[in-house]
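Enquirer: Return atomic coordinates for the entry below.
(chains A and B)
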Amino acid sequence: MGSGAVGHRESAAANGAGTPTGQPLPILVHARDIVDAYAACDVLVLAGETGCGKSTQLPQILLDNRRRTGVSRVVITQPRRLAAISVAARVAHERECELGTQVGYAVRFENKSGPGTQIRYVTHGVLLREACSSSTASLRSQEHSAFHLNYDAVIIDEVHERDLNTDLLLGMAKTKLLERKGSAVAKSDAEESFKLVVMSATADIAAFTDFFSAPCRPLNGSQRQVHPQTPLVVKQLIIPGRAFPVERLFTEEPVQEYVNAAVTACAQIHADEPFPGDVLCFLSGQDEIDAACALLKDHLERYLGKKRTKHEVLIMALYATLAPEEQQRAIEPLPVEVRAQRRKIIFSTNVAETSITIPGVRYVVDSGMCKMRVGTSASQSSLQIVPISRAQAAQRAGRAGRECAGKAFSLYPERALFSVMPEFEPPEITRCDLASAMLTLFALGTDVRHFDFMDAPSAQGVQNALELLVDLGALDEHCEMNAVGRAMAALPVGAMVGRAFLEAMRAGCAQSMAMMAALLSVEGNIYASVRPERRAAADKARRHEASALGDMISVLNVFEKYLSLHPRERGAYCRDLFISARTLNAARAAYEQLLKLQQTRTVRQGANALCRDVYRAREPSWWSEPAGGPRPRMQLQRCLVAGFSRHAASLLEAPPSSRLSGSPNQTAGEFAVAPSSSFNVRYKGLRGGPELFVHPSSVIHWRRRPPHCILYQEILITSKLYVRNVLEIDSAWLDEATGS
DNA sequence: TTGTGGTGT
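Expert: You can find the predicted model right below:
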């Protein structure tokens, strides 16, 4: 293996690094080209469709030819945890080593790698975090960016997905490579040297090649001198995939009712197309999928009726919030003996576009639509149904050709590919809240205004995020990061939640706030996915743990109870309250992580700095409990105010007089018997803006009197502007928090 | 009076 010969290990073939038919993976045929290109460049742009073997083989090729590549330690990033783990397991098997030794992985909450790990699979986020934490020491130097990684080769996989972390990695890596190239000391500093490989779908490699070939182009044409710019040497290689041909069919005209059309298409495929061959139908969301399942069942019963004795249909739904067992049921192939008679028809969201592969699929039906989160601030967002991109359309169609030739039926005319669809989805960085991304960049020693983005975020978005970070005390008035900001950047939560957490450390309620922060950060609602017919029962059950202080405290009550239970009892508790055990378990992991981070120097320093810088002038009574006994939630509320003061709103209008029967000094626990239909209170954001309505799912609606002043986690735009996850606060705390 | 496309530290 140390011979330097270009070729592949015997063990790879022995352990199946080839196709089911015994042919080698396409990428292995090109190993020599890859090694040649890698040796001669700074950045290698490698294009290859799914199935060419690039994720498993490229790191091995670089490592096994180390005499020419110089690679003895390689990191490879994946967009999803599951991908990082399963690819690492595959490669460990091929190399006949135990996972976590020579081949390992690291995702959030789980690290299976060690000092001897030569091939390390990580998520994009882990690598970014690694670059941050190892960079603290180098922050002294203003000459160089602090992006520092201890690898010979850094491979960013699935780079075409363009999630936020990918874009940050691309910019940081490019800047670092250019700096090193322009720096005379670079050659002696072996620790700092690495080469970059970005791997992508074939469609868009030109954009990546252009980006890395061009000199640094800071966001707003700043005057910053970025070192003598010797351009990077960028090589480009295309590896053919091994997918089977897919015949793509389109409608003549645009389809109005695409859910109906999808159901009809599925029924028709079932009637006309040969067996075996399952159908995968892409719709935008859970509602549509549930409707389509019911419609198809109805349709098949009515039209196929008695004729259907031989060829049965299994209708499946697939979306990410579905319980893992149900997902598994949709993915599992039919037993071989019934595949000639039965057909599976799966209605899915775009979870089946990239994250989940379903064996047995030969026919794809594509509605051409998906849901996308719209809005560039943390406070305001809505999910809208929008047309997919051409790249997504190709990806969806490709799902029909994984095992044999297939057919893709598009529910839109071919011309819509160009008249309606964008070429690619807009990169996440152009449409998401930037506060956390900017914290990361600042922590890496980079001012966001000088960052070389492949696609720049909007100037307004940058401005909003900067203002927020200054308000939160993470940046000073000159936009320099301070200890508070460094601590916030080290916390795996959003900027506002992070600030509240530091506040709580100072106030002595960090443990409760760690729970709260975990709950505010987990994806999805803990009250997820209850079918309409069970919603009344769910609402009733959930009210047992509810607090009149609002949803944030109610959910915290649930979480505290959950954590206090023996792990064996937790499942039943979740079922009784119609709560997602998966979400609470994720919150538990995040909670434990926060408790650990609380001990670290960076975070402790941040909390201490908060005390010195922000609270110097504050009266000592601020933190003391009010007279009349302890009210343990009050400190927590006050700390939340410090993070979420931008999300404060005050009551605009008194409720109808019939609602005023409650005690004027109402405290937690006092609910009305039932919510009133006339309970239509409106709030106004303290910084102005449109009228806000409390989301009907809020426990606030069960109160006799609405609170005068509230905080909310987010605004949801549907039929109205609804605030979700609401907490009652005292307006006096706002003055404390904002220092006015 | 109502709603959860998909990722990630």
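
Enquirer: so what's A:Asp152 closest to, chain neighbours aside?
Expert: A:Val71 (4.5 Å; C-beta to C-beta, 6 or more residues apart in numbering). Using the backbone N, CA and C atoms, a C-beta is placed for each residue, glycine as well.

Enquirer: What are the neighbouring residues in contact with that neighbour?
Expert: Applying C-beta atoms under 8 Å, 6 or more residues apart in numbering to A:Val71 gives the contacts A:62-63, A:65, A:152-153, A:195.

Enquirer: any idea how far it lies from DNA strand B?
Expert: 24 Å (C-beta to the nearest atom of the strand, to the nearest Å).

Enquirer: cool, and A:Trp733?
Expert: From A:Trp733 to DNA strand B the distance is 26 Å (C-beta to the nearest atom of the strand).

Enquirer: Whichever residue of chain A sits closest to DNA strand B: how many residues sit nearby?
Expert: As assessed by C-beta to the nearest atom of the strand, DNA strand B sits closest to A:Pro696 within chain A, at 2.0 Å. Around A:Pro696 there are 10 other residues, counting by other C-beta atoms under 10 Å.

Enquirer: repeat for A:Ile429
Expert: A total of 23 residues lie near A:Ile429 under the criterion other C-beta under 10 Å.

Enquirer: same check, this time on A:Ile579
Expert: Using other C-beta under 10 Å, A:Ile579 has 25 neighbouring residues.

Enquirer: Give me the phi and psi angles of it.
Expert: phi -120, psi 150 (degrees, to the nearest 10).

Enquirer: what's A:Ala405 in contact with, if anything?
Expert: Per C-beta under 8 Å, 6+ apart, neighbours of A:Ala405: A:244-247.

Enquirer: Quick one: buried ones out of the residues you listed?
Expert: Buried residues within the contacts of A:Ala405, counting neighbours by 16 or more other C-beta atoms under 10 Å: A:Val246.

Enquirer: A:Ala538: which of the contacts of A:Ala405 is nearest?
Expert: A:Val246 (42.5 Å; C-beta to C-beta).

Enquirer: what sits opposite that closest one in the beta ladder?
Expert: A:Gly406 (DSSP bridges).

Enquirer: if I read this right, it contacts A:Phe409, doesn't it?
Expert: No: with the criterion set as C-beta atoms under 8 Å, A:Val246 and A:Phe409 do not qualify as a contacting pair; they are 10.7 Å apart.

Enquirer: any shared contact partners between the two?
Expert: Residues touching both A:Val246 and A:Phe409 by C-beta under 8 Å, 6+ apart: A:Val364.

Enquirer: just to revisit the earlier point, phi first, then psi, for the residue of chain A closest to DNA strand B.
Expert: Dihedral angles for A:Pro696 - degrees, to the nearest 10 - are phi -60, psi -20.

Enquirer: before we move on, what about A:Tyr683?
Expert: phi -120, psi 160.

Enquirer: again with the one 3 residues further on
Expert: In this entry, A:Leu686 is assigned phi and psi values of phi -70, psi -20 (degrees, to the nearest 10).

Enquirer: go on, the one 4 residues further on?
Expert: Geometry field for A:Pro690 lists phi and psi as phi -70, psi 170, criterion degrees, to the nearest 10.

Enquirer: Wait, it touches A:Val723, no?
Expert: No: counting by C-beta under 8 Å, A:Val723 is not a contact partner of A:Pro690; they are 11.3 Å apart.

Enquirer: Neighbour count for those two, which is higher?
Expert: Using other C-beta under 10 Å as the criterion, A:Pro690 and A:Val723 rank with A:Val723 on top: 24 against 11.

Enquirer: for the more buried one, helix, strand, or coil?
Expert: Classification of A:Val723 by DSSP: H, G, I helix; E, B strand; the rest coil places it in strand.

Enquirer: Equivalent analysis for A:Arg543, please.
Expert: helix.

Enquirer: Show me which positions of stretch A:260-267 end up buried.
Expert: Buried-residue list, stretch A:260-267, by 16+ other C-beta under 10 Å: A:261-267.

Enquirer: Just send the residues you listed back as CSV, with pLDDT, distance to A:Glu273 and secondary structure too.
Expert: What follows is the buried residues of stretch A:260-267, written out as CSV (pLDDT from 0 to 100; distance: C-beta to C-beta, whole Å; DSSP: H, G, I helix; E, B strand; the rest coil):
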residue, pLDDT, distance to A:Glu273, secondary structure
A:Ala261, 95, 17, helix
A:Ala262, 96, 15, helix
A:Val263, 95, 16, helix
A:Thr264, 94, 14, helix
A:Ala265, 95, 11, helix
A:Cys266, 95, 10, helix
A:Ala267, 92, 11, helix
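
Enquirer: got these as a markdown table, with distance to DNA strand B columns?
Expert: Formatted as a markdown table, these follow (distance: C-beta to the nearest atom of the strand, whole Å):
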| residue | distance to DNA strand B |
| --- | --- |
| A:Ala261 | 19 |
| A:Ala262 | 16 |
| A:Val263 | 18 |
| A:Thr264 | 23 |
| A:Ala265 | 21 |
| A:Cys266 | 20 |
| A:Ala267 | 24 |
